[in-house]
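Colleague: When you get a sec, could you give me coordinates for this:
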Amino acid sequence: MEGPLGLPALPWQQREITSILPHRPPFLFVDRVLEVEPDRRIRGEKWWAASEGLITTRDGRAMVPASLLMEAMAQLGAILILMKEENRGKIIYFMGIEKVRYRSPLAAGETLSMEAEVVRLRARIGTLTGRAEVAGRAVANGTMHFALGAEA
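Modeller: Next up, the predicted model:
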């Protein structure tokens, strides 16, 4: 069964994700893609293991650095942009973030549910908004700007 734009049916796992996104573990921060509305929005997940280079608090808890939360949402948005046939093989550059809010800490062992939505998409430049939560608890949100470069 086929999913959006001739890709395999959802949910996508690492094999399908890495066929679109150039990132590889340990720098791949999307485990599963659950929903896609081409050119509009995408929803996915990331389960954070304690072995993934997280920071440790004074009381010994492994926590996800806030910067990795935005990177995870940016990677999810990049999948949405790069999945289009005309963008396959191109490089997407993370140009900046704004209006970022970190609302709650994320600990190792928790599954982050993320969503990215296209705000603006022009020929080679665009803007996405991202939201992340754990079990209904808001974790982070923000706006990301990107540029689409030449093929890798």
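Colleague: Within its sheet, name the partner strands of the helix or strand of the chain with the lowest mean pLDDT and how each one runs.
Modeller: Each helix and strand of the chain was given a mean pLDDT (mean pLDDT, DSSP states H and E); the minimum falls on strand 55-56 at a mean of 90. With DSSP bridges as the test, strand 55-56 is paired with strand 62-63 (antiparallel).
Colleague: following the partner strand, which helix or strand shows up next?
Modeller: Using DSSP states H and E, the helix or strand that follows strand 62-63 in sequence is helix 66-82.
Colleague: Which secondary structure elements does that next one sit against?
Modeller: Counting contacts by 3 or more C-beta pairs under 8 Å, 6 or more residues apart in numbering; DSSP states H and E, helix 66-82 is packed against helix 14-20, strand 32-37, strand 41-47, strand 90-102, strand 111-121, strand 125-134, strand 137-151. From N, CA and C alone the C-beta is placed, and that goes for glycine too.
Colleague: just the angle between the third one and strand 125-134, please?
Modeller: Interaxial angle of strand 41-47 relative to strand 125-134 (axes from the mean of the first three to the mean of the last three C-alpha atoms, to 10 degrees): 50 degrees.
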